[in-house]
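*Asks:* need the 3D shape of this:
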Amino acid sequence: MAIDSLLATILIILIAIPLHSYVFYPVIIWCSAFLVRYRPPSSKSEPPVSILISAYNEERVIQQRIENLLGQCYNSGNMEILIGSDCSSDQTNTILQQMADEHPGKVRVFLFTERRGKAAVINDLVRAAAHDILIFTDANTEFIPDAVHQLTEGYTDPKLGGISGRIHFYESAQARRAGVEEGNYFEYDSFLKKAEGDCGILIGAFGGFFSIRKSLYRPIPLDRAVTDDLFISLSVLSGGHKLYYKPQAIAYEESAHSMEQEYKRKVRYSATNFQTIAFFTDLLFSRNILLSYALWSHKVMRWSIPALLIVVFALSIGVYGYHPVINIALYLQLALYGSALIGYCLSLIGVRFILFSLPYYFVVTNIAVLVGLWRFLRGRHTTIWQPSR
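*Replies:* Next up is the predicted model:
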């Protein structure tokens with residue numbers, strides 16, 4: 001009986017960790033935002049800005065992307081676009097050179113002849129950037145007309161180190177049939193980012209849509225694979241500056257077309273996320289207690305959840321019948337995994353029902369995190385990868 005009691009206590013503690021990360025932490029950080037609310041000042045000024053894009057085989061979208069940026073409601077004399085082609089093998093380089101010739105001084109291209117990965121390209125572009133405010137974006141992202149203004153407003157406050165915008169995902173018919181719930185997940189994640197940003201401690205900007213001060217940029221390591229947007233974001237926070245989330249700054253991206261695509265992306269990000277945190281262990285025990293709490297709750301605890309879920313499931317079976325609450329916990333887990341299995345089966349026939357597709361997406365995501373952890377521990381991840389199309 002004593003052993004059963006101990007196992008039941010351990011089970012309750014383990015269940016509390018994912019509950020805290022997914023339920024209690026969002027509520028706590030949302031309430032904290034009312035106590036320590038940060039708002040950068042409004043301004044109509046349009047400071048000089050350098051927009052950076054690392055591109056690899058983007059012939060399908062790169063011209064449209066440049067035209068989207070050139071069409072921004074922003075003083076064109078204060079804006080430069082720097083695009084680095086990471087040894088593209090399609091028509092990307094030809095298109096880039098043509099756009100640079102048509103817009104001299106506004107579009108600057110760097111055609112690298114060796115494939116080195118996004119981090120190396122971004123490091124080179126930052127060194128070449130002429131202006132003090134940098135905007136990081138991707139070739140497949142589309143800005144609304146005033147997005148650049150939204151990402152540069154507020155830098156008159158010296159405490160402001162960076163601003164993240166909000167990305168809306170639009171789904172293809174293929175993604176809907178496959179049960180990819182990336183858009184719904186990002187709605188939840190956007191809620192968290194809004195609360196963290198209101199505290200000035202945004203834990204990770206949206207990778208394809210954020211700005212920082214050039215003086216705060218810390219070169220991305222090339223010897224070890226890291227998640228570049230998380231690395232840059234934590235670099236800003238480690239300097240004691242504010243990282244803000246601005247929902248009025250909007251951009252659009254297409255979601256992954258299949259769960260397989262989404263799974264591969266999350267495996268890679270998970271592997272590099274663990275490596276990224278290794279560079280910022282000081283933030284886990286920062287004098288800014290709220291920042292450390294947010295980093296532990298939003299990132300570190302969440303990355304431990306896949307392993308915890310396995311242990312929780314095994315313990316729930318082991319102490320089944322000891323207490324009604326434990327029995328209910330096991331039933332809820334069986335319902336979750338059963339719903340995920342149904343979601344998977346429905347995806348095979350092109351049917352999507354959110355009651356089942358969300359559990360399916362949740363389970364696949366956590367499997368990806370677990371595989372990413374395994375790859376990190378084995379050192380099987382690279383600084384160069386093939387982006388999703």
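
*Asks:* now do the strands in the protein.
*Replies:* Counting by DSSP state E, the chain has strands at residues 49-55, 79-86, 107-112, 133-137, 142-143, 160-170, 209-213, 242-254.

*Asks:* helices or strands up against the longest one?
*Replies:* In terms of contacts (3 or more C-beta pairs under 8 Å, 6 or more residues apart in numbering; DSSP states H and E), strand 242-254 is packed against strand 142-143, helix 147-152, strand 160-170, helix 182-198, helix 228-238. All C-beta spots, glycine's among them, are computed from the backbone N, C-alpha and C.

*Asks:* quick one on the thing from earlier: and the strands of the chain as TSV, adding mean neighbour count, distance to Ala307 and mean pLDDT?
*Replies:* Shown next, in TSV, are the strands of the chain (neighbours: other C-beta atoms under 10 Å; distance: least, C-beta to C-beta, whole Å; pLDDT from 0 to 100):
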stretch	mean neighbour count	distance to Ala307	mean pLDDT
strand 49-55	25	33	98
strand 79-86	23	34	97
strand 107-112	19	39	98
strand 133-137	25	32	98
strand 142-143	22	38	96
strand 160-170	22	28	92
strand 209-213	25	30	97
strand 242-254	21	29	94
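
*Asks:* quick one: closest of those to Val311.
*Replies:* Checking the strands of the chain against Val311 by C-beta to C-beta gives strand 160-170 as the closest, at 32.6 Å.

*Asks:* remind me what that closest one packs against, helices and strands.
*Replies:* Partner elements for strand 160-170 (3+ C-beta pairs under 8 Å, 6+ apart): helix 147-152, helix 182-198, strand 209-213, helix 228-238, strand 242-254.

*Asks:* nearest to Phe353 among those would be which one?
*Replies:* So among those, helix 182-198 is nearest, using C-beta to C-beta, at 12.9 Å.

*Asks:* any idea which residue sits dead centre in the chain?
*Replies:* Taking C-alpha atoms, centre = their mean, the centroid of the chain lies closest to Phe206, which sits 4.9 Å from it.

*Asks:* spatially nearest residue to that one (excluding sequence neighbours)?
*Replies:* Ile167 (4.9 Å; C-beta to C-beta, 6 or more residues apart in numbering).

*Asks:* isn't that neighbour up against Asp189?
*Replies:* No - using C-beta atoms under 8 Å, Ile167 is not in contact with Asp189, being 9.8 Å away.
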